[in-house]
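Visitor: Sequence plus the predicted model coming up.
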Amino acid sequence: MKEHQQSFLTAYEEHSDALFRYCFFKLHDREKALDLLQDTFTKTWQYIESGKRVDNLKAFLYRTANNQIIDEYRRKKAVSLDAMQEEGFDPEFMEDSSYMERLDGERALKLLKHIPEQYRDAIFMRYVEGLDLKEIAEMLGESENTISVRIHRGIRKLREIFDTNI
């Protein structure tokens, strides 16, 4: 098996779940997130097979997914998670998580929706996906300093919202 094939398969195994969560978080639609995930890996494979070099496959995958999400936003106005829940949709949660952890997670995600998108994305990538500043900076095409400032400001805004909602 060619080296790039093996690294691609390894990347799929290591990053597909996290990429799905990222897509789902952004789109709030499980089927669209799955489609977008498949398209992300297909486009990445086509890029690699065309002979182009990818230095950081994880960052490339996130950037490709993010570009696909932007395209999706342009095609159709995103539906809010609140509106979907009012219509009876409830995202699935892992069965082994406790009820209180689920409630805390739901509350955190609801609060996260109230801060500007640039802060929300950086915080999600850092604390939900567990990415480091360098990885986030590469994925978003920004400097590490910019990402650090966004995370700091986003957390400050979340605290303000949390303090007013107690």
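Guide: Good, I have the coordinates. Note that the structure is a prediction, hence the values are computed from the model and not measured.

Visitor: measure Phe41 to Lys134 for me?
Guide: Applying CB to CB, to the nearest Å, the value for Phe41 to Lys134 is 23 Å. Every C-beta, even on glycine, is put in place using the N, C-alpha and C of the backbone.

Visitor: the more surrounded of these two?
Guide: Phe41 (19 against 12; other CB atoms under 10 Å).

Visitor: And the chain, what are its domain boundaries?
Guide: The record's domain split for the chain, according to automatic domain parsing, is 1-92, 94-166.

Visitor: could you dump the ones you listed to TSV with mean pLDDT?
Guide: Shown next, in TSV, are the domains of the chain (pLDDT from 0 to 100):
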stretch	mean pLDDT
domain 1-92	81
domain 94-166	77
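
Visitor: who are the neighbours in contact with the residue most central in space within the chain?
Guide: Closest to where the C-alpha atoms of the chain average out (CA atoms, centre = their mean) is Tyr22, at 2.3 Å. For Tyr22, the contacting residues are Tyr62, Ala65, Phe124, Met125, Glu129, by CB atoms under 8 Å, 6 or more residues apart in numbering.

Visitor: For the second one, give its distance to Glu72.
Guide: Spelled out, that is Ala65. 10 Å.

Visitor: picking that back up, list just the nearest of the contacts of Tyr22 to Pro116.
Guide: Closest to Pro116 out of those is Phe124 (12.6 Å), distances taken as CB to CB.

Visitor: chain center to the helix ranked longest in the chain, what's the gap?
Guide: For the chain, the helix with the greatest residue count under DSSP state H is helix 3-27. Taking CA atoms, centre = their mean, to the nearest Å, one finds helix 3-27 lying 11 Å from the centre of the chain it belongs to.

Visitor: repeat for stretch 36-44
Guide: 14 Å.

Visitor: Neighbours of Arg150, how many?
Guide: 21.

Visitor: For it, which phi and psi angles does the backbone take?
Guide: phi -60, psi -40 (degrees, to the nearest 10).
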